[in-house]
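Chemist: Provided below for reference: sequence and predicted model.
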Amino acid sequence: MILELLNKIPGGPNTKVFVGTSLLVGLCAIPVFAKDTKAGHDLFSQEKPQAMLDSESKMRKGYMEKKDDK
C-alpha cells in the first residue's frame, strides 16, 4: 500500500525518500503541536507551570522587600 503511493510520486528514488521521510516526521510532530495541556503539565515539558513561576516571583519580591527594610 505505501509502496503503491510512493510509486505515484514523480521523481527519482531520492525524491520518494524525501517525501516519505517528511510525511513520517510530520505525523510524529502532530502530538507536540496539537496538545491541549497547560505549560509545564505534560510529561516531557521543558517549561515550568504558571503556579510555580508565580510563587517564585512572590518569594523573590518578599526577599527584596526584606532586603530594603534593613
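Modeler: The structure has been received and is ready for your questions.
Chemist: For residue 48, see how far away the most centrally placed residue in the chain is.
Modeler: The centroid of the chain falls nearest to residue 32 when counting by CA atoms, centre = their mean (4.7 Å). Taking CB to CB, to the nearest Å as the measure, residue 32 falls 18 Å from residue 48. Every C-beta, even on glycine, is put in place using the N, C-alpha and C of the backbone.
Chemist: before we move on, what about residue 63?
Modeler: Relative to residue 48, and taking CB to CB, residue 63 is found at 18 Å.
Chemist: How about residue 1?
Modeler: In terms of CB to CB, residue 1 sits 44 Å off from residue 48.
Chemist: Quick check on these two: which one has the bigger neighbour count.
Modeler: The residue with more neighbours, out of residue 1 and residue 48, is residue 48; 11 against 5, by other CB atoms under 10 Å.
Chemist: quick one: which helix or strand includes the more buried one?
Modeler: Element membership for residue 48 (DSSP states H and E) is empty, with no helix or strand holding it.
Chemist: which element is the residue nearest to the centre of the chain on?
Modeler: Here residue 32 sits within helix 13-33, counting by DSSP H and E.
Chemist: Please work out the average pLDDT along that helix.
Modeler: Average pLDDT, helix 13-33: 88.
Chemist: Buried residues of it, list them for me.
Modeler: residue 16 (16 or more other CB atoms under 10 Å).
Chemist: And that helix, what does it pack against?
Modeler: Helix 13-33 is packed against helix 2-7, with contacts defined by 3 or more CB pairs under 8 Å, 6 or more residues apart in numbering; DSSP states H and E.
Chemist: Residues in contact with the helix it packs on: which ones?
Modeler: 16, 19, 20 (CB atoms under 8 Å, 6 or more residues apart in numbering).
Chemist: cool, stretch 16-30 as well?
Modeler: With contacts defined as CB under 8 Å, 6+ apart, stretch 16-30 is touched by 2, 6, 7, 9.
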